[in-house]
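[1] structure for this input, please:
(one chain, ligands or ions: 1)
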Amino acid sequence: MTLKIENITYYYTSPEDYLFKDVTEEFLPGTMYAILGQSGSGKTTLLSLLAGLDTPKGGGISFNDKAVKGMGLTNYRKKTVSTVFQAYNLLTYMSAFQNVKTAVKISGVKFPDEKAEITEALAKVGLGEDLIYKSVSKLSGGQQQRVAIARALVLNHEVIIADEPTGNLDEETTSQIVALFKKIAHEDNKIVIIVTHENEVAKSSDVIYQLKHKKFERQTN
Ligand SMILES: Nc1ncnc2c1ncn2[C@@H]1O[C@H](COP(=O)(O)OP(=O)(O)OP(=O)(O)O)[C@@H](O)[C@H]1O
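    Numbers count the residues shown, from 1 in each chain. Okay, the predicted model is just below:
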């Protein structure tokens, strides 16, 4: 299982004004990656390519040696990759359980015992039955981010991508969420890729990519 980017190039307006060019990397299961870089360096752009929300201007992305473009971006998003955002992006008038259930419904996946799958995903992120039926608007920021992570986990996708997932959280909650992502990478053998500007998050990752001067520098912790 590998997610590969091969010679990818991206720019918004003109090719001369590229954000990155000819970047080749391989992302492996069981590994937590952090993407660091200054504001405006292109971290979110790279993530949107890895998440199948956009395609590179040059080069290609493949999963298990199949081109993402060939399988179709929607298909790739539905089957392979789940995304977690800084702002949680939950339906706040619904409970945690309903938020995860909605994601399952949208995906079209049919579980033999849906309730058990949803409850298990929520339990995995540390949310028990006392919390999962409450409106998410009544949960703390850290708990809401856990709901968003459970929503990403329930479909059992191989790639979990997160854009500044701890950006709204305090230090202690950040450590807990980072530990959770690490557990998902190491114990569930997933490819976890996190964009962050926080050194604390980067330090806990297995591999750091630093977007610097339009190039990626790779560093192993
Ligand atoms: N839709 C767009 N059209 C044109 N330029 C864009 C667009 N989206 C982003 N950019 C520009 O591309 C550059 C990279 O943006 P991106 O959001 O990927 O950076 P980032 O490293 O994630 O930044 P931050 O840490 O501030 O979120 C920025 O200069 C930004 O202004």
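
[2] quick one, grab the pLDDT at the residue lying closest to Thr102 once chain neighbours are set aside.
    Nearest non-adjacent residue to Thr102, counting by C-beta to C-beta, 6 or more residues apart in numbering: Leu91, 6.5 Å away. The C-beta positions use only the backbone N, C-alpha and C, and glycine is treated the same way. Predicted confidence (pLDDT) for Leu91: 94.

[3] who are the neighbours in contact with Leu91?
    Leu91 is in contact with Gln98, Asn99, Thr102, Val136, counting by C-beta atoms under 8 Å, 6 or more residues apart in numbering.

[4] please apply the same query to Glu114.
    Lys101, Val104.

[5] pick out the residue closest to the middle of the protein.
    Most central residue of the chain, judged by C-alpha distance to the mean C-alpha position with C-alpha atoms, centre = their mean, is Ile161 at 1.3 Å.

[6] any idea which element that residue lies in?
    Ile161 is part of strand 159-163, with elements assigned from DSSP states H and E.

[7] now do that strand: distance to the chain's middle.
    1 Å (C-alpha atoms, centre = their mean, to the nearest Å).

[8] direction included, what does it pair up with?
    According to DSSP bridges, strand 159-163 forms sheet pairs with strand 81-85 (parallel), strand 191-195 (parallel).

[9] other SSEs contacting the longest helix seen in the chain?
    Taking DSSP state H as the criterion, the chain has its longest helix at helix 171-187. With contacts taken as 3 or more C-beta pairs under 8 Å, 6 or more residues apart in numbering; DSSP states H and E, helix 171-187 sits against strand 31-37, helix 141-153, strand 159-163, strand 191-195, helix 199-204.

[10] most packed of those?
    strand 191-195 (a mean of 27; mean count of other C-beta atoms under 10 Å).

[11] give me the residues contacting that one.
    Contact partners of strand 191-195, identified using C-beta under 8 Å, 6+ apart, comprise 1, 3, 27-29, 31-35, 43-44, 46-47, 50, 158-165, 181-182, 184-185, 201, 205.

[12] quick one: that strand to strand 31-37, angle?
    20 degrees (axes from the mean of the first three to the mean of the last three C-alpha atoms, to 10 degrees).

[13] can you classify the residue nearest to Thr102 as helix, strand or coil?
    What DSSP: H, G, I helix; E, B strand; the rest coil gives for Leu91 is coil.

[14] sec struct for the residue lying farthest from the centre of the chain, please.
    Each residue of the chain has a distance to the centre, and by C-alpha atoms, centre = their mean the biggest one is for Glu16: 29.5 Å. Secondary structure state of Glu16, per three-state DSSP, is helix.

[15] for this protein, what are the low-confidence residue spans?
    The chain contains no residues with pLDDT under 70.

[16] now name the helix or strand holding the nearest residue to Ala67 once chain neighbours are set aside.
    Closest residue to Ala67 apart from its sequence neighbours, by C-beta to C-beta, 6+ apart: Gly60 at 5.5 Å. Using DSSP H and E, Gly60 maps to strand 58-63.

[17] okay, buried residues for that strand please.
    Using 16 or more other C-beta atoms under 10 Å as the test for burial, strand 58-63 gives Gly59, Ile61, Ser62, Phe63.
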